[in-house]
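> predicted model follows, preceded by the sequence.
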Amino acid sequence: MKAFLVALLAAVLCAQQASSLFCYICDNEHSNWNCMKTYKCEDHEKYCTTTYSTAGFGKDVGHRITKKCSVDCPETNVNFGMAAYSTKCCSTSLCNFSGANSIRINYAVVLLGIVGSLICVLRVGL
């Protein structure tokens, strides 16, 4: 019996851990509620990612969410004023439940761009 337990323990310790990462997936959806489908990632995919993008101004702002499994962790957070793009990643199963909606259009950057453009136009006209 001891030999069996030792052999069992050795087998458990020597066995490679199987990848069982599950992520929520969706592609270019308008709402996080459309991103509730689960998917078993491939063994080489170690991260779940959520990409959230927004573009437009005022009431014409559009939002898009993409969720998927990923080999690497490409975290980004870019804000161009009227367009913003953010990617968050995590490494536990179903960790990408919520949308990465912490980015917002920066109206101060938009205003600064408009003022700068006006100054350039006024200086050229003088």
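All right, it came through fine.
> only C-alpha atoms from now on, for both contacts and neighbour counts.
Fine.
> all helices for this protein, in order.
2-14, 107-125 (DSSP state H).
> so what's residue 54 closest to, chain neighbours aside?
residue 63 (4.5 Å; CA to CA, 6 or more residues apart in numbering).
> which stretches of the chain have low pLDDT?
Along the chain, the parts satisfying pLDDT under 70 run over 1-19, 99-126.
> now the strands: where do they sit in it?
Applying DSSP state E to the chain gives strands spanning 22-29, 37-40, 47-55, 62-70, 76-79, 83-90.
> can you tell which of those strands is closest to residue 97?
strand 22-29 (6.6 Å; CA to CA).
> can you give the strand pairings for that closest one, parallel or anti for each?
The strands beside strand 22-29 in its sheet (DSSP bridges) come out as strand 37-40 (antiparallel), strand 62-70 (antiparallel).
> closest to residue 82 out of those?
strand 62-70 (10.5 Å).
> what's the angle from that closest one to strand 47-55?
160 degrees (axes from the mean of the first three to the mean of the last three CA atoms, to 10 degrees).
> buried sites along strand 62-70?
63, 64, 65, 66, 67, 68, 69, 70 (16 or more other CA atoms under 10 Å).
> send the alpha carbons of that strand over as CSV?
Provided in CSV are the C-alpha atoms of strand 62-70 (Å, rounded to 0.1, in the frame of the first residue of the first chain):
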residue,chain,number,x,y,z
GLY,A,62,-19.8,55.2,-29.8
HIS,A,63,-18.4,52.4,-27.6
ARG,A,64,-16.9,49.0,-28.7
ILE,A,65,-15.8,46.1,-26.5
THR,A,66,-13.7,43.1,-27.6
LYS,A,67,-12.8,40.3,-25.2
LYS,A,68,-10.5,37.3,-26.0
CYS,A,69,-7.7,34.9,-24.9
SER,A,70,-4.2,36.2,-25.5
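> who touches it?
23-32, 35, 41, 45-56, 96, 99 (CA atoms under 8 Å, 6 or more residues apart in numbering).
> let's see that with 7 Å instead.
Outside strand 62-70, the residues within contact range by CA atoms under 7 Å, 6 or more residues apart in numbering are 23-32, 41, 45-56, 99.
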